[in-house]
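Chemist: Any chance you can model this:
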Amino acid sequence: MSNKVKAELHGERAIKITRTFNASRELVFDAFTKPEMMKQWFHGPPGWKLSTCEVELRPGGKYRRVWSNDAGESMGMGGIFTEVERPVRAVRTERYDQPWYEGEAVGTFELYAVGKATLMTLIIEYESRAVRDQVMASPVMAGMETGYAGLDKYLETLL
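Modeler: Numbers count the residues shown, from 1 in each chain. Predicted coordinates:
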């Protein structure tokens with residue numbers, strides 16, 4: 001098991017991302033879905049902070065995230081939850097306010113208990129193979145690892 005992000009092509013239009021966290025499945029699920037917890041670690045690129053985090057965690061519920069920096073810039077995204085099974089699975093749509101890829105994506109987030117650790121699997125399906133390939137070629141995976149390393153540090157404060 002790796003505590004680093006592993007990303008691979010999955011099917012025709014998706015990316016499969018896996019990573020392990022040294023915390024219980026319940027705690028990891030909460031850290032990904034509770035706004036007060038997300039605001040402690042889910043900050044995005046250096047210099048940015050999660051300034052708005054709204055989560056209506058139920059099928060049909062909306063979520064909204066906005067990151068801001070000291071220069072007054074912001075970037076936001078949101079979508080709808082289509083499935084929620086705490087602490088195992090959540091499926092949601094994803095669309096950015098300032099799109100950096102075309103269309104909407106669907107993310108399927110699953111957590112597996114592995115001893116005292118948790119294996120996260122995130123499958124993000126895009127509208128086309130070309131969009132998937134564009135995302136895979138971007139620096140987004142390195143950015144995800146930076147964020148997840150912040151989650152590791154946050155989880156340590158809770159254990």
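Chemist: Which secondary structure element is home to the residue most central in space within the chain?
Modeler: By C-alpha atoms, centre = their mean, the chain has its centre lying nearest to F32, at 7.2 Å. Element membership for F32 (DSSP states H and E) is helix 25-33.
Chemist: shaky segments in the chain?
Modeler: 1-2 (pLDDT under 70).
Chemist: what packs against the longest strand belonging to the chain?
Modeler: Across the chain, the strand with the greatest residue count (assigned by DSSP state E) is strand 74-85. On a contact count with 3 or more C-beta pairs under 8 Å, 6 or more residues apart in numbering; DSSP states H and E, strand 74-85 meets strand 48-55, strand 62-69, strand 89-96. In short, each C-beta sits where N, CA and C put it, glycine included.
Chemist: Let me have these in TSV, extended by distance to V135 and mean neighbour count.
Modeler: As requested, the helices and strands packed on strand 74-85 are exported to TSV (distance: least, C-beta to C-beta, whole Å; neighbours: other C-beta atoms under 10 Å):
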stretch	distance to V135	mean neighbour count
strand 48-55	19	15
strand 62-69	18	18
strand 89-96	11	18
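Chemist: next one: phi and psi at the residue of the chain most remote from its centre?
Modeler: Distance from the centre of the chain peaks at A71, with 24.6 Å (C-alpha atoms, centre = their mean). In terms of degrees, to the nearest 10, the main-chain angles of A71 are phi -80, psi 0.
Chemist: cool, M136 as well?
Modeler: Dihedral pair for M136: phi -60, psi -30, per degrees, to the nearest 10.
Chemist: Setting the sequence-adjacent residues aside, check what's closest to it.
Modeler: Leaving out its chain neighbours, the residue that sits closest to M136 by C-beta to C-beta, 6 or more residues apart in numbering is I15, at 5.8 Å.
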